[in-house]
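Engineer: predicted model follows, preceded by the sequence.
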Amino acid sequence: MSHPNHRGQRVSTRGAADNIAVMGYPYPPPYPYPHPPQKRNGADVAGSVIILVLTVLLGAVASVMGVFSLAFLDHCPPATCSVDGAVTAVMGALALAALLGVIGTVLTILAIARRKTSWPYAVGTLVVCGLVVLAGGAGSLLAVGG
């Protein structure tokens, strides 16, 4: 295709890519098609969310029980009881469980976002938080002489 320019000369209306192909250069290769994203496993996501909710509930129940166990330490004989030890055990365990719960939740969400299997992260978070809470309770019992 061509048309006359302002001087009356014939000018090609083909684009630059057409001119390159006419001059003997090949067209660039087409871009490869992107891979379709993996399907999310609905059971995996639902199970992970349920387990994370159970982890949050575990933390809430442990917090209430830990604070009440400290609030009702009525009589603590100094020879067999350490209030500071009980406070340190309970609050340390709750703080550590909260930190590990946040880390496990982030790892689980990242696995879900990357469309990878996420339930092991959620179960690991629940188990680790449960063990930390149990260790804090045992430390509190040891501190008060129970």
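Structural biologist: Thanks, I have it. Numbering: from 1, shown residues only.

Engineer: surely residue 86 is within a strand?
Structural biologist: No - counting by DSSP: H, G, I helix; E, B strand; the rest coil, residue 86 falls outside a strand, being helix.

Engineer: measure it to residue 97 for me?
Structural biologist: Counting by Cβ to Cβ, to the nearest Å, the gap from residue 86 to residue 97 is 16 Å. C-beta here means a position set from N, CA and C on the backbone, and glycine is covered the same way.

Engineer: SS state for residue 36?
Structural biologist: Taking three-state DSSP, the label given to residue 36 is coil.

Engineer: what's the burial count for it?
Structural biologist: Residue 36: 6 surrounding residues under other Cβ atoms under 10 Å.

Engineer: distance of it relative to residue 115?
Structural biologist: The value you get for residue 36 to residue 115, if Cβ to Cβ is used, is 11 Å.

Engineer: how about low-confidence regions in the protein?
Structural biologist: By pLDDT under 70, the weakly predicted segments of the chain are 1-25, 146.

Engineer: and the helices in the protein, which stretches?
Structural biologist: Ranges of helices in the chain, per DSSP state H, are 16-22, 42-71, 83-113, 119-144.

Engineer: the longest one packs against which elements?
Structural biologist: Spelled out, it's helix 83-113. On a contact count with 3 or more Cβ pairs under 8 Å, 6 or more residues apart in numbering; DSSP states H and E, helix 83-113 meets helix 42-71, helix 119-144.

Engineer: residue nearest the centroid of this protein?
Structural biologist: Centroid-nearest residue in the chain: residue 106, 2.1 Å away (criterion: Cα atoms, centre = their mean).

Engineer: any idea how far it is from residue 144?
Structural biologist: Counting by Cβ to Cβ, the gap from residue 106 to residue 144 is 35 Å.

Engineer: in space, what's closest to residue 107 - neighbours in sequence excluded?
Structural biologist: Excluding the flanking residues, the one nearest residue 107 by Cβ to Cβ, 6 or more residues apart in numbering is residue 121, at 4.6 Å.

Engineer: oh sorry, the question was meant for residue 96
Structural biologist: Among residues not flanking residue 96 along the chain, residue 132 sits closest, at 5.2 Å (Cβ to Cβ, 6+ apart).

Engineer: show the contacting residues for the one you found.
Structural biologist: By Cβ atoms under 8 Å, 6 or more residues apart in numbering, residue 132 lies in contact with 93, 96-97, 100.
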